[in-house]
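Asks: need a structure here:
(one chain, ligands or ions: 2)
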Amino acid sequence: MTAQITVLAGDYIGPEIMAAGLKVLAAVSEGQNFDYQLHEMPFGGAGIDQAGDPLPAEALQTAQKSDAILLAAIGGPKWDGAPKTPEQGLLAIRKALNLFANIRPTEISPAMQKYSPIKNTEPVDFVIVRELTSGIYFGQPRETTSEYALDTMRYTNQEIERITRVAFDMAMKRRKHVTLVDKANVLDTSKLWRKIVAQIATEYPAVTYDTSYVDAASMKIIASPSQFDVILTENLFGDILSDEAAQITGSLGTIPSMSRGSNGPSLYEPIHGSAPDIAGQGIANPISMVKSVAMMLTHSFDRADLAKQISDAVDATVESGVVTPDLGGNATTDEMTSAIINHIKESR
Ligand code: ATP
Ligand code: MG
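Replies: Ligands and ions are numbered 1, 2, ... in the order given. Down below sits the predicted model:
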């Protein structure tokens, strides 16, 4: 079967790093019995410019029919104050595909160690599984009066169950350890999370399950990050912890992410924005996009073998010093991408 992949290159450095990601995909799949077809669609600012909409109908239909979606980055000053914004496209596609789980890896490989502010001898390799479509960002009622403002944190059993299964399924493919991060000493929603997650944990006897209060967890991410494998958490805590975790890896330009629903295609994208300040110079770090491709191969196409070839080649490239300016080097995006591809070829 041919894998159908929707490609949303987006804006500013988006097309630059997408080109890099697709070159690496072509190189790693060559002769490996992985056939795919790309469907490039306008999206974000490019969607507004080309089709009058940040998520053109054709782009959404194509995405819905595909097996996975690669997105680079959207937005930027060109569309500031416009009636339609590129970011609306992102919200719309997440909603249309019901992408309720956001997954962000935090990895400090030996090659990346020198860029990390954490001087930890143990390898760091964990993922945060964040609930993305409920909690206090969406809960009703919401209200602002002259005397007070009100937000509501609300979770249903079903919303907790489905994200919990994502986390435990992910743990089964990793080191089989899930940590629920909450504030169960204070919040009723957290107490409900504890109850439901504990029930589901009994279905996964191979997985070690523990819990941590969010205040303690935010310390541990700095003090002893190697203890984590899968962190499961609700929307607000996940938002904060995933940015904290990103900082310990050293560069924004190296971190991929995945968003998924219950069924249908998952979406893979770098965690950073479209970096208008460096667009057009050919110096964007391609690692975040290249690793998004690797995540896609593992989670949408069950090709962890190809993903490993990519991450080994990225590490070898970083170790060789062929890196873009954000990592202190003077390589261009193209030079770094070629180095990654050469390492993939050499390893065969
Ligand atoms: P957004 O609101 O879309 O998240 P932002 O204002 O947070 O955008 P980013 O686009 O994420 O900004 O960029 C933040 C900084 O990191 C910028 O200085 C940018 O140049 C740099 N940066 C982001 N991605 C990369 C990359 N792939 N390579 C090099 N530098 C990057
Ligand atoms: Mg940002």
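
Asks: Relative to ligand 1, which residue of the protein is the closest?
Replies: Distance from ligand 1 to each residue of the chain (Cβ to the nearest ligand atom) is smallest for G273, at 2.2 Å. Any C-beta I mention is one placed from the backbone N, CA and C, and that applies to glycine too.

Asks: Who are the contact partners of that residue?
Replies: 73-76 (Cβ atoms under 8 Å, 6 or more residues apart in numbering).

Asks: where do the strands sit along this protein?
Replies: Assigned by DSSP state E, the strands in the chain fall at 3-10, 36-40, 68-73, 101-108, 124-131, 139-144, 149-152, 177-182, 208-213, 230-233, 256-260, 266-270.

Asks: Around ligand 1, which positions in the stretch 51-200 of the chain sit nearby?
Replies: G75 (Cβ under 6 Å from any ligand atom).

Asks: pLDDT below threshold where in the stretch 51-200 of the chain?
Replies: 120 (pLDDT under 70).

Asks: quick one: the helices in it?
Replies: Ranges of helices in the stretch 51-200 of the chain, per DSSP state H, counting those that start in this stretch, are 57-65, 86-96, 157-172, 188-201.

Asks: Check the spatially most central residue of the chain and give its pLDDT.
Replies: Centroid check for the chain by Cα atoms, centre = their mean gives S257 as the closest residue, at 1.0 Å. Here, the pLDDT recorded for S257 equals 97.

Asks: Likewise for the one 4 residues further on?
Replies: The predicted local confidence for G261 comes out at a pLDDT of 95.

Asks: how close does it sit to L232?
Replies: Counting by Cβ to Cβ, to the nearest Å, the gap from G261 to L232 is 17 Å.

Asks: ok, now D80?
Replies: For D80 relative to L232 (Cβ to Cβ), the value is 36 Å.

Asks: More neighbours: which of those two?
Replies: Between D80 and L232, counted using other Cβ atoms under 10 Å, L232 has the larger neighbour count: 28 against 8.

Asks: so what's that one closest to, chain neighbours aside?
Replies: Of all residues beyond its chain neighbours, the one nearest L232 is A167 (3.9 Å), with distances taken as Cβ to Cβ, 6 or more residues apart in numbering.

Asks: OK, contacts around that neighbour?
Replies: So A167 contacts 129, 178, 230, 232 (Cβ under 8 Å, 6+ apart).

Asks: hey, what's the third one bridged with?
Replies: This means V230. Taking DSSP bridges, one finds V127, V178 as the beta-bridge partners of V230.

Asks: How many neighbouring residues does K65 have?
Replies: 12.

Asks: Could I get the pLDDT score of the residue nearest to G76 when sequence neighbours are not counted?
Replies: Of all residues not flanking G76 in the chain, P276 sits nearest, at 4.4 Å (Cβ to Cβ, 6+ apart). We have a pLDDT of 98 for P276.

Asks: wait, G76 sits on Y12?
Replies: Yes: with contact defined as Cβ atoms under 8 Å, G76 reaches Y12; the gap is 4.9 Å.

Asks: intersection of neighbour lists for the two?
Replies: The contact sets of G76 and Y12 overlap at 274, 276, 279 (Cβ under 8 Å, 6+ apart).

Asks: Can you tell me which of those residues has the most neighbours?
Replies: S274 (27 neighbours).

Asks: Quick one: residues contacting P54.
Replies: With contacts defined as Cβ under 8 Å, 6+ apart, P54 is in contact with 43-45, 47-48, 74, 84-90, 92.

Asks: now those residues as CSV including neighbour count and distance to A284?
Replies: Formatted as CSV, these follow (neighbours: other Cβ atoms under 10 Å; distance: Cβ to Cβ, whole Å):
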residue, neighbour count, distance to A284
F43, 33, 18
G44, 31, 16
G45, 26, 16
G47, 26, 21
I48, 25, 22
I74, 28, 14
K84, 15, 25
T85, 18, 22
P86, 26, 17
E87, 15, 20
Q88, 17, 24
G89, 28, 21
L90, 22, 19
A92, 15, 25
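
Asks: Now the two most distant members of the residues you listed.
Replies: Farthest-apart pair in these is G45 and A92; separation 14.1 Å (Cβ to Cβ).

Asks: List the contacts of stretch 306-314.
Replies: With contact meaning Cβ under 8 Å, 6+ apart, stretch 306-314 is reached by 24, 28-29, 32, 34, 109, 111, 287, 290-291, 293-295, 297-298, 340-341, 343-344, 347.

Asks: Which entries within the residues you listed meet the buried criterion?
Replies: 24, 28-29, 34, 109, 111, 287, 290-291, 293-295, 297-298, 340-341, 343-344 (16 or more other Cβ atoms under 10 Å).

Asks: Appreciated, that's everything.
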